[in-house]
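J.: fold the following.
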Amino acid sequence: MTRPTTRTARALLGTVLLLSGAFAMATEEPQYQILRTTEDYELRLYDPYRVAEVEVRGDFEKVGSEAFRILAGYIFGDNRGETKMAMTAPVSQRPAETTREQAGTRLEMTAPVSQRPAGTESDSDSDAYVISFVMPQSFSLDALPRPNNPRIRLREEPAGRVAARRYSGSWSESRYREEERHLLEALRRDGLQPRGTPIYARYNSPFSLPMLRRNEILVPVAD
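T.: Predicted coordinates:
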């Protein structure tokens, strides 16, 4: 039987550590100030932060598995220089089309990454999502190690205001949609204008008890 390559072994190890609760112990998160708290959401002002992200296709509730494997491999050393990085929080998920015009500064990769021209998305893209890992604050965008996997993009999320609705429990799409609808209705009521598609942020291991999970819906809002 063929032995797995070092790169593959590291990716598999990263996935095992991730899914066994490694990122549940993460303490570092993007820095923000709380501007206002209501019964329905928290209005935050985020500092810029860096992310590694990958686009995947599939069911809303299942696309995370493939993305976790790829991104965990990157932070556990599948990069130029074999640099290992600490796991942070949250792990975010959003529709792929929102990254074309609304993403922040992106670090260009040496390997080609396929992109769709703006405005060319179709119904066939409705099952495409971008999954993101937040990078440690100690790394600037230029200092982040280059991924060996050309599917991974490195990007800086710009500073800005974000409305965050927190909830615990199931990771199901039906629960997410319920909370998303509640948040968007509250923003309309309060006269806040969303400037991007809602982002699904998860802070815990898949093996954590649902009642103890921290889940958030993040909606960038206009200044």
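J.: from the contact counts, what lies against the longest helix anywhere in the chain?
T.: Longest helix of the chain, by residue count under DSSP state H: helix 173-189. Counting contacts by 3 or more Cβ pairs under 8 Å, 6 or more residues apart in numbering; DSSP states H and E, helix 173-189 is packed against strand 160-167, strand 215-220. Glycine gets a C-beta too; all of them are placed from N, C-alpha and C.
J.: so Arg69 belongs to a strand, correct?
T.: No. Arg69 is assigned helix when assessed by DSSP: H, G, I helix; E, B strand; the rest coil, not a strand.
J.: now the nearest residue to Pro95 once chain neighbours are set aside: phi and psi?
T.: Setting aside the residues directly before and after it, Pro95 is nearest to Thr197 in space (Cβ to Cβ, 6 or more residues apart in numbering), at 5.5 Å. Main-chain torsions, Thr197, degrees, to the nearest 10: phi -70, psi 140.
J.: how far does the longest helix of the chain sit from the chain's center?
T.: The chain centre lies 19 Å from the centre of helix 173-189; the measure is Cα atoms, centre = their mean, to the nearest Å.
J.: who does the helix or strand just after that helix pair up with?
T.: Next along the chain after helix 173-189, taking DSSP states H and E as the criterion, comes strand 199-202. Next to strand 199-202 in the sheet, as set by DSSP bridges, lie strand 91-95 (antiparallel), strand 215-220 (antiparallel).
J.: between the first one and helix 173-189, how big is the angle?
T.: Translated: strand 91-95. Computed with axes from the mean of the first three to the mean of the last three Cα atoms, to 10 degrees, the direction of strand 91-95 lies at 80 degrees from that of helix 173-189.
J.: circling back: dump the strands paired with strand 199-202 into JSON lines; add mean pLDDT and distance to Phe207 as well.
T.: Formatted as JSON lines, the strands paired with strand 199-202 follow (pLDDT from 0 to 100; distance: least, Cβ to Cβ, whole Å):
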{"stretch": "strand 91-95", "mean pLDDT": "95", "distance to Phe207": "14"}
{"stretch": "strand 215-220", "mean pLDDT": "97", "distance to Phe207": "15"}
